[in-house]
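> fold the following.
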Amino acid sequence: MHSLHGETMGTTWSARVVAPADMPLHHLQSGIQQCLDRVDDQMSTYKPHSALSRFNTAPAGTWHALPQACFTVLTHALRLASDTGGAYDPTVGPLVNLWGFGPAARPDGTPSDSAIAEALERVGWWKVKLDAANEMAYQPGGSYVDLSSVAKGYAVDLAGTWLDGADIPSWLIEVGGELKGKGMKPDGSPWLIAIEHPDASGQHGRVVSLSGRAIATSGDYRRSYRSGEQTCSHHIDPRSGKPVRHAVASVSILAAQAMIADPLGTSMTVMGPEHGLAYARERDLAVLFLLHGEHGFEERMSPAFAEAMRA
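The predicted model follows:
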């Protein structure tokens with residue numbers, strides 16, 4: 001079993017691969033890196049010349065051809081936005097930037113109600129139209145798409161597909177906390193992952209097998225800052241224009257693909273435990289909530305997650 005690692009998308013990646021001892025590891029390293037960097041080059045809002053940045057700054061009323069990967073991810077994001085009634089919305093970019101979680105500098109204080117209202121005028125997943133036959137997207141004017149909640153998941157899937165093509169039978173890939181595994185370790189055991197505990201204790205919670213599936217964990221502890229008495233989380237509710245303020249500490253999603261799991265973590269965090277678990281039960285999604293309780297963290301999981309743990 002070989003270990004590889006690198007940097008991409010403003011974070012780190014790592015991989016464990018089961019391959020012959022004489023396998024040229026530099027080939028695997030560069031292949032994975034190229035997959036991840038391709039996603040970053042197309043979908044980063046921090047790179048002014050990425051395909052997504054060019055779309056975000058395009059004139060109103062114009063159509064733009066997107067690279068296949070970018071179009072695939074945007075299509076999935078817009079479908080999820082429709083299905084969640086806007087709890088998830090890739091056009092949340094103006095609000096992400098306003099609250100200081102985008103490329104712009106972080107504000108000195110919290111945004112005013114008027115600034116939030118102005119940003120909300122630019123938000124709305126239904127405004128962005130797609131032409132699937134030509135892989136084009138319509139810029140209605142002012143729409144700013146942020147795919148950071150789904151691009152890393154897609155990148156994990158893409159790197160896994162590349163390893164499959166390189167005849168690697170077993171692997172585990174992680175990009176910025178999103179993971180996916182295939183096959184078994186050399187001793188025949190599955191890839192086991194301990195879900196990170198949402199505090200600074202270094203403890204871990206549930207242990208899950210990732211042989212044949214992906215996991216994404218989204219938490220209020222990953223990116224946040226304090227402004228006066230208020231803690232501002234990077235999870236912005238696209239409907240209210242403000243960071244979510246409920247008891248969710250973290251959400252973990254198990255799915256066949258990392259691109260599916262990644263944005264569902266954001267969706268569940270915005271929905272909250274009641275609505276989120278109802279949504280998960282209706283769609284047979286494997287979801288684990290960790291909530292801030294009166295006496296510490298409390299678990300709530302969907303039937304599909306409980307079944308995955310039993311399996």
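> which residues does stretch 4-13 contact?
For stretch 4-13, contacts defined as C-beta atoms under 8 Å, 6 or more residues apart in numbering pick out 14-17, 25, 28-29, 32-33, 36-37, 39-40, 44, 46, 151-152, 155, 159, 173-177. Every residue, glycine included, has its C-beta placed from N, CA and C.
> which positions in that stretch come out as buried?
Neighbour counts using 16 or more other C-beta atoms under 10 Å place 4, 8-9, 13 of stretch 4-13 among the buried residues.
> now do it, average pLDDT.
What stretch 4-13 shows for mean pLDDT is 95.
> in strands only, show me the buried residues of stretch 4-13.
In this view, the buried residues of stretch 4-13 that belong to strands under DSSP state E are 4, 8, 13.
> for this protein, what helix or strand is lowest in average pLDDT?
Taking mean pLDDT, DSSP states H and E as the measure, strand 224-227 is the helix or strand of the chain with the lowest mean score, a mean of 49.
> what pairs with whatever helix or strand residue 217 lives in, parallel or antiparallel?
For residue 217, the element it lies in under DSSP states H and E is strand 214-219. On the basis of DSSP bridges, the sheet neighbours of strand 214-219 come out as strand 178-182 (antiparallel), strand 248-255 (antiparallel).
> just give me the lowest mean pLDDT stretch among those strands.
Ranked by mean pLDDT, the strands paired with strand 214-219 end with strand 248-255 at the bottom, a mean of 94.
> what is the helix or strand following that strand packed up against?
Downstream of strand 248-255, the first helix or strand assigned by DSSP H and E is helix 258-271. Applying 3 or more C-beta pairs under 8 Å, 6 or more residues apart in numbering; DSSP states H and E, one finds that helix 258-271 contacts helix 68-83, helix 151-165, strand 178-182, strand 214-219, strand 248-255, helix 273-283, strand 286-293.
> residues contacting the fifth one, please?
Taking C-beta under 8 Å, 6+ apart as the criterion, the residues outside strand 248-255 that touch it are 195-196, 198, 206, 208, 213-221, 260-262, 264-265, 268-269, 272-273, 276, 285-292, 297, 304-305, 308.
> which ones are touching residue 37?
Contacts for residue 37 (C-beta under 8 Å, 6+ apart) come out as residue 8.
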